[in-house]
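>>> coordinates for the following, if possible.
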Amino acid sequence: METTFASIRNMRFINRGFLIGPFTPIYGFGAVLIIQCSNWISGMFEDHFTSLLITVIFSTLLVTVLELITGLLLESVFDTKWWDYSSNAFNFKGYICLKYSLLWGILAFLLIQAVHPVILQVIKLIPVSSKVRIAVLSGLYFLLDTTKSIIDTLDLRKAIIYYSDLSVSKYKEKIIKYKRIFLAFPRLLMLNAGIINRDVRSILNGRINKIKTEIKNRLNA
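Presented below is the predicted three-dimensional model:
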């Protein structure tokens, strides 16, 4: 949903996830927490409304904490926030805020009441042997994608922090190579801001302008 929204808003495909593929694991982990929370609480209360209300409240808190932990971990990589809610009311150090916590609550309600029951019925139709194969292949894919994404991120981190050890051309090559990360998390464009020949935003904007000029020249040729 977030990737689709960002792509429509920017009129081009933008992968909003940390991984190379079009997946955002934080939402997957959040969904698993919500479903497990729902299963646990539903066994404690006979009244459906009470069970649902408490599940949504707990789910909202769990997903908010998950977002906070993820934000702290990602900031530790580059010493900068990958997203910032500081302009939103009732935020905590820009990592989480009331508006998005309420949104997680709404999504938790929709997941429990509408999305998960439908998916569960579909999954029940899949043979056990096929489920195993799908799980294994999916697990291998995410393992490889996560490994490659972490390697890329650490390589970019090294280039950003130890930029003086790289030639200007090599540094620019690194920035352009990992352009997808900057598009996914625009706040990272501020890294090395103002440093001559090392300003990330200037390098990427210069690259875009160069491509536009090349296309224009080809059309006029």
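>>> next structured bit after the helix ranked longest in the chain?
Counting by DSSP state H, the longest helix found in the chain is helix 128-161. Downstream of helix 128-161, the next assigned helix or strand under DSSP states H and E is helix 168-177.
>>> check the offset of that next one from the chain's centre.
Its chain's C-alpha centre and that of helix 168-177 lie 24 Å apart, by CA atoms, centre = their mean, to the nearest Å.
>>> likewise stretch 112-121?
Taking CA atoms, centre = their mean, one finds stretch 112-121 lying 23 Å from the centre of the chain it belongs to.
>>> buried residues in that stretch?
Within stretch 112-121, the residues scored as buried using 16 or more other CB atoms under 10 Å are Ile112. C-beta here means a position set from N, CA and C on the backbone, and glycine is covered the same way.
>>> so for it, mean pLDDT?
For stretch 112-121, the mean per-residue pLDDT is 93.
>>> and the contacts of that stretch?
Ala31, Ile34, Ile35, Ser38, Leu52, Thr55, Val56, Ser59 (CB atoms under 8 Å, 6 or more residues apart in numbering).
>>> among those, which ones are in strands?
Residues of the contacts of stretch 112-121 located in strands (DSSP state E): none.
>>> of those, just the buried ones, ChimeraX syntax please.
The buried subset of the contacts of stretch 112-121, as determined by 16+ other CB under 10 Å, is captured in ChimeraX by this line:
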select :31,34,35,38,52,55,56,59
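>>> of the contacts of stretch 112-121, closest to Ile150?
For Ile150, the nearest member of the contacts of stretch 112-121 is Ala31. The distance, counting by CB to CB, is 22.1 Å.
>>> find the nearest non-adjacent residue to that closest one, please.
In this structure, Ala31 finds its nearest non-sequential neighbour in Leu111, 6.0 Å apart by CB to CB, 6 or more residues apart in numbering.
>>> that'll do, ta.
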